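>>> I'll drop the sequence and a predicted model, then ask my questions.
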Number of protein chains: 2
Amino acid sequence: MSALKIVLISPRNPLNIGAAARAMSNFGFSELRLVNPYAVAFREARSAVKAHAVLEHAREYPTVAEAVADCTLVVGTTAIGPRVLEHPLRRLEFGGKLIARKIATSPVALLFGSEKFGLSNEDMSYCHWLMRIPAREEHGSMNLGQAVAVCLYEIIRNPAAAKIAPEAKRPADAAHLEHVTEFLETILDRSGYVHARVEGSTRMKIRRLVRRLQLNAHDAEVWLGMLRQILWKLEHTSDSGSRGE
Amino acid sequence: MSALKIVLISPRNPLNIGAAARAMSNFGFSELRLVNPYAVAFREARSAVKAHAVLEHAREYPTVAEAVADCTLVVGTTAIGPRVLEHPLRRLEFGGKLIARKIATSPVALLFGSEKFGLSNEDMSYCHWLMRIPAREEHGSMNLGQAVAVCLYEIIRNPAAAKIAPEAKRPADAAHLEHVTEFLETILDRSGYVHARVEGSTRMKIRRLVRRLQLNAHDAEVWLGMLRQILWKLEHTSDSGSRGE
């Protein structure tokens, strides 16, 4: 992960430097480089509690050329759409993948421009290609810390992990579901909900209703316990009157 | 996009409320809901210039139940790993896809806990499932604004768009490449770089070198112009001496 160098160009807001470092720390990246940062901002960001390790090791460079000198791929980020034709422009979904592959073998620099102006044309001229976060242009550029977070997320994103469904609990078996159905039916009957208990269509309606709950085995046990208790109460209560009295 | 309700629970920092609203605005979401926000924070966030429209329409609710009442799916976000077993837990890569599919047909609430404590167990009990951003747990939770940005990015992420490569420029044809090769060869010969111009292996070396540049048609023209000029200069300069003099 140290093969990816996050390069912030002329950042002015200490909160943004801190936020970039925090996102790096969250996603496991450690190499922060600052080109010509506003000195006070860098000092203030360093005193922040979060992402201390990343900020402690952050290095300052006077020029873009020096900040990216050891990298074999230099990518600039931009909020601007495909109208910039001076550089190949890749959407983050695709570009992030290319970067993830590249950092396995060699150092890559990912450049973020200043909060106010983004990357200048001169900054971009050091880049092999540009990468665009697919945000709505008409709503202005993204916050620097958020842009860093979104780019790094795309780079560490693991589509294979995504296919792993959460550990499913063992579903309830048919015997349990039928138990639940019977208890519910008896309770409803005792409560006066089902007037003719023997009525087949009502019984089937309740049975289908219970199946649609898609209970897991554990929850079916809990429901059985609750229904059993309700039934016990119904059976041990003197009938003080019919419904609606 | 208005089907997704971003619900911030007890947010305390106006910058975070503003950052969440800005990320929503960037990615095209408009429905921000705040449960029991710190009043000063909400007021301050509202006065921020960015994402004004989202903040203007943000609504306040006293309880989680009221904030999610109209939603058919309620998802809580958490930085905690798979050790919480009270709820199904899905990684963002997978969960984001489910949410993207769901909002096409019905309202979904996505809950974010307070900066300090995240979602409480009671907040989570309103959720159908939880979603985890795959950040490194040992590095602490994510910043609220960044967490919102990353989740929304995953939801709007378009893998199909990712496959669209940037518009490639027409590559240079073999005739152009051979022209470049010839000019370069002549220039090197005149400069004393290649001592025996007729040497086949050197010529082939240069030819391969030029092919590896993978020039596009436009760049090949630019190179030809530059080489032509250098050659002109070499031919119109009196030979003031051999190399190394």
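Structure received.
>>> which helices and strands sit right next to the helix or strand where residue A:111 lies?
Following DSSP states H and E, the helix or strand that holds residue A:111 is strand A:108-112. If contacts are counted by 3 or more Cβ pairs under 8 Å, 6 or more residues apart in numbering or on different chains; DSSP states H and E, strand A:108-112 sits against strand A:4-9, helix A:64-68, strand A:73-78, helix A:92-102, helix A:144-156. Using the backbone N, CA and C atoms, a C-beta is placed for each residue, glycine as well.
>>> how about JSON lines for the ones you listed, with mean pLDDT added?
Shown next, in JSON lines, are those (pLDDT from 0 to 100):
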{"stretch": "strand A:4-9", "mean pLDDT": "97"}
{"stretch": "helix A:64-68", "mean pLDDT": "95"}
{"stretch": "strand A:73-78", "mean pLDDT": "93"}
{"stretch": "helix A:92-102", "mean pLDDT": "94"}
{"stretch": "helix A:144-156", "mean pLDDT": "96"}
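>>> and the gap between residue A:66 and residue B:218?
When distance is defined by Cβ to Cβ, to the nearest Å, residue A:66 is 30 Å away from residue B:218.
>>> an error on my part: the question was meant for residue A:121.
Separation of residue A:121 from residue B:218 (Cβ to Cβ): 18 Å.
>>> circling back to that earlier point, do any residues in the following helix or strand past the strand holding residue A:111 lie close to chain B?
Toward the C-terminus, strand A:108-112 is succeeded by helix A:121-124 as the next helix or strand (DSSP H and E). No - for helix A:121-124, no contact with chain B is found by Cβ under 8 Å from any Cβ of the partner chain; the gap never falls below 14.3 Å.
>>> which of the residues in helix A:121-124 are buried?
Buried residues in helix A:121-124, counted by 16 or more other Cβ atoms under 10 Å in any protein chain shown: A:123-124.
>>> so who does the nearest residue to residue A:113 once chain neighbours are set aside touch?
Among residues not flanking residue A:113 along the chain, residue A:119 sits closest, at 3.7 Å (Cβ to Cβ, 6 or more residues apart in numbering or on different chains). For residue A:119, the contact set (Cβ atoms under 8 Å, 6 or more residues apart in numbering or on different chains) comprises A:9, A:76-78, A:111-113, A:127.
>>> any idea how far residue B:129 is from the residue positioned nearest the centre of chain A?
Geometric centre of chain A, nearest residue: residue A:153, 8.4 Å, by Cα atoms, centre = their mean. Residue A:153 is 20 Å from residue B:129, where distance means Cβ to Cβ.
>>> ranges for the strands of chain A?
Counting by DSSP state E, residue ranges of the strands within chain A are A:4-9, A:31-35, A:59-61, A:73-78, A:89-91, A:108-112, A:129-132.
>>> as CSV, those strands with mean neighbour count would be great.
CSV is the format used below for these (neighbours: other Cβ atoms under 10 Å in any protein chain shown):
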stretch, mean neighbour count
strand A:4-9, 24
strand A:31-35, 22
strand A:59-61, 14
strand A:73-78, 23
strand A:89-91, 21
strand A:108-112, 25
strand A:129-132, 21
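>>> out of the ones you listed, which comes closest to residue A:237?
Checking the strands of chain A against residue A:237 by Cβ to Cβ gives strand A:89-91 as the closest, at 66.4 Å.
>>> and that closest one, which strands flank it?
Take DSSP bridges as the rule and strand A:89-91 pairs in its sheet with strand A:129-132 (parallel).
>>> pull the helix or strand with minimum mean pLDDT from chain A.
Least confident helix or strand, chain A: helix A:159-162 with a mean of 78, by mean pLDDT, DSSP states H and E.
>>> now it: buried residues?
Quick answer for helix A:159-162 (16+ other Cβ under 10 Å): residue A:162.
>>> quick one: is it near chain B?
Yes - with Cβ under 8 Å from any Cβ as the measure, helix A:159-162 is seen reaching chain B through A:159, A:161-162.
>>> dump these into TSV; add distance to residue A:20 as well.
TSV is the format used below for those (distance: Cβ to Cβ, whole Å):
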residue	distance to residue A:20
A:159	25
A:161	25
A:162	26
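>>> sounds good, over and out.
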